[in-house]
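> no sequence on this one, just coordinates:
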């Protein structure tokens, strides 16, 4: 018992983690919100942009997917650079360059120009998600990561909740405000906002606990000592530590395949959900575009509530259980969507699917952190995220191509559900092996 404060060390430690969470997560969360808004904005503007640029669904899907080519190529080097130069400088660099590219996308006048802009955006934004996931391991030990990761990933559905009305407003009034088409104004505004947030990151984000001015010396020591002890324990029980180990590990690649399946349904829904709603409700035109964009925000509100509810259960369960159950729910929602005959049933099914996918994502990242530390954590996390982002290229293009060929999204949704189920099998198999290491660490 501390005689001055009247608190036990455990209480002080709990207060310290909460302080770290309230200072770190909102700041990096805002950056992540913009990354998802920027990559998903193509879905919000797909209908009016397609009419202006004469694009079909396959071309929109290709443009959406091209973002991930550059993103995947640069992901691992970007994470190693973040580890070397520090999160504050590197995340700022990422945000300034991608904000510039997003703003310039407002000027595209053809399919080819849109393809170039999306490819450039992928190179510019590469490393943000994996870098933030690595950054969180610098602040939160294993026992704190379930709620910390949920708090961070909560920003993804928040981005859709924020992005939908923003897109609807700019589609409605952008022409009057900026003198350009509403969909062009969306790119312009989001580019400027991203640059401003990048400046905030540079000013306020500390690289490590030792650099945090809002922690006192005792709190800095608590965080640093706890994380250092956990890393040492991981190394002693077989955790991977080196670059080559991580990049050649079958366990890491299997986890990458599993996470690919977790998020495979994410991007087709992000890019095509407004169009799917327009199709199933048989509506068309400016007012219909705005209405579909607004309706597309509903599943993400449901997902945010589901994530908050599930974290209370997940913290007391293994990471594999906490990931697998919502992943199965997500697949079931997609299957239900294929049988939906009207708008309300379809939106209900999508709510179920999106809630499952988003709830599974933060819990998944508890698994790699068990067996990776040091350079292996930087490279392994980036590798897993890179492979998963292949789904961002394959999923939208695959979905758009099937829609163009069949006139329906049904078969695409069915295929996505099958891939998620296959990934669930991989997750359970490899995840249990990783959790045996976790058992050694906690014994």
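Okay, I see it. Values in this document were obtained by computation on a predicted structure and should not be read as measured data.
> By mean pLDDT, which helix or strand of the chain comes out lowest?
The weakest-scoring helix or strand in the chain, judged by mean pLDDT, DSSP states H and E, is helix 286-295 (a mean of 52).
> The most centrally placed residue in the chain and residue 111, how far apart?
Centroid-nearest residue in the chain, with Cα atoms, centre = their mean: residue 156, separated by 5.8 Å. In this view, residue 156 and residue 111 are 28 Å apart by Cβ to Cβ, to the nearest Å. For glycine as for every other residue, the C-beta is placed from the backbone atoms N, C-alpha and C.
> What of residue 224?
Distance from residue 224 to residue 111, by Cβ to Cβ: 51 Å.
> what does the following helix or strand past the least confident helix or strand of the chain rub up against?
For helix 286-295, the following helix or strand on the C-terminal side (DSSP states H and E) is helix 298-314. Around helix 298-314, the neighbours that count as contacts under Cβ atoms under 8 Å, 6 or more residues apart in numbering are 146-147, 150, 153-154, 156-161, 164, 269, 273, 322, 326, 347, 350-351, 353-359, 362-363.
> Can you list the buried residues in helix 298-314?
298, 299, 300, 301, 302, 303, 304, 306, 307, 310, 311, 314 (16 or more other Cβ atoms under 10 Å).
> Starting from the host helix or strand of residue 22, tell me the next helix or strand along the chain.
Using DSSP H and E, residue 22 sits in helix 9-53. Downstream of helix 9-53, the next assigned helix or strand under DSSP H and E is helix 57-85.
> How about the very next helix or strand once past that following helix, which residues are buried there?
Toward the C-terminal end, the helix or strand that comes next after helix 57-85 (DSSP H and E) is helix 87-104. For helix 87-104, the neighbour count (16+ other Cβ under 10 Å) marks 87-104 as buried.
> For whichever helix or strand comes after helix 87-104, which helices and strands make contact with it?
Next along the chain after helix 87-104, taking DSSP H and E as the criterion, comes helix 111-125. For helix 111-125, the elements it packs on are helix 9-53, helix 57-85, helix 87-104, judged by 3 or more Cβ pairs under 8 Å, 6 or more residues apart in numbering; DSSP states H and E.
> per-stretch mean pLDDT over those helices, give me the minimum one.
The stretch with the lowest mean pLDDT among the helices and strands packed on helix 111-125 is helix 9-53, at a mean of 80.
> Just give me how far that one sits from the chain centre.
Chain-centre distance of helix 9-53: 8 Å, with Cα atoms, centre = their mean, to the nearest Å.
> Kindly report the same for stretch 308-324.
18 Å.
> what's the span of that stretch from first residue to last?
Stretch 308-324 has its terminal residues 17 Å apart, counting by Cα to Cα, to the nearest Å.
> Quick check, residue 315 in contact with residue 149.
No - using Cβ atoms under 8 Å, residue 315 is not in contact with residue 149; the gap is 10.7 Å.
> Those two: who's more crowded?
residue 149 (23 against 16; other Cβ atoms under 10 Å).
> Please give me every residue in contact with that one.
So residue 149 contacts 136, 362, 363, 365, 366 (Cβ under 8 Å, 6+ apart).
> now, the most widely separated pair of these?
Using Cβ to Cβ, the contacts of residue 149 reach their maximum pairwise distance at 136 and 363, which is 13.8 Å.
> The two: who's more crowded?
The neighbour count for residue 136 versus residue 363, taken as other Cβ under 10 Å, is higher for residue 363 (30 against 24).
> For the more buried one, give its distance to residue 150.
Applying Cβ to Cβ to residue 363 and residue 150 gives a distance of 8 Å.
> Also residue 170?
Relative to residue 150, residue 170 is positioned 30 Å away (Cβ to Cβ).
> Same question for residue 310.
Taking Cβ to Cβ as the measure, residue 310 falls 8 Å from residue 150.
> Now for these two: what residues contact both?
residue 363.
> Out of the buried residues of helix 298-314, give me the two with the largest separation.
Taking Cβ to Cβ, no two of the buried residues of helix 298-314 sit farther apart than 298 and 314, at 23.8 Å.
> one step back: and the residue nearest to the centre of the chain, what is it in contact with?
Contacts of residue 156 (Cβ under 8 Å, 6+ apart): 32, 33, 36, 300, 303, 358, 361.
> again with residue 201
27, 28, 31, 88, 91, 92, 95.
> Residue 82 contacts residue 90, doesn't it?
Yes - with contact defined as Cβ under 8 Å, residue 82 counts as touching residue 90 (4.2 Å).
> can you list residues touching both of these two?
With Cβ under 8 Å, 6+ apart as the test, residue 82 and residue 90 both reach 127, 131.
> in stretch 162-169, what counts as buried?
162, 163, 164, 166, 167, 168, 169.
> ok, which stretches of the stretch 301-443 of the chain are helices?
319-338, 343-364, 368-371, 375-406, 410-442 (DSSP state H, counting those that start in this stretch).
> Which strands and helices lie in contact with the shortest one?
Right, helix 368-371. On a contact count with 3+ Cβ pairs under 8 Å, 6+ apart, helix 368-371 meets helix 250-263, helix 375-406, helix 410-442.
> tell me the angle the first one makes with helix 343-364.
Computed with axes from the mean of the first three to the mean of the last three Cα atoms, to 10 degrees, the direction of helix 250-263 lies at 160 degrees from that of helix 343-364.
> Could I get the average pLDDT for helix 250-263?
89.
> what number of residues lie near the residue nearest to residue 254 when sequence neighbours are not counted?
Nearest in space to residue 254, with sequence neighbours left out and distances taken as Cβ to Cβ, 6 or more residues apart in numbering, is residue 430 at 4.1 Å. For residue 430, the number of neighbouring residues by other Cβ under 10 Å comes to 21.
> My guess is residue 430 contacts residue 251. True?
Yes - using Cβ under 8 Å, residue 430 makes contact with residue 251 at a distance of 6.1 Å.
> Please give the number of neighbouring residues around residue 349.
So residue 349, with other Cβ under 10 Å, has 21 neighbours.
> wait, what's in contact with it?
Taking Cβ under 8 Å, 6+ apart, one finds 333, 334, 336, 337, 340 in contact with residue 349.
> Look at the second one and say how many residues are nearby.
The number of residues packed around residue 334, counting by other Cβ under 10 Å, is 29.
> Repeat that for the last one.
Using other Cβ under 10 Å, the number of residues around residue 340 comes to 18.
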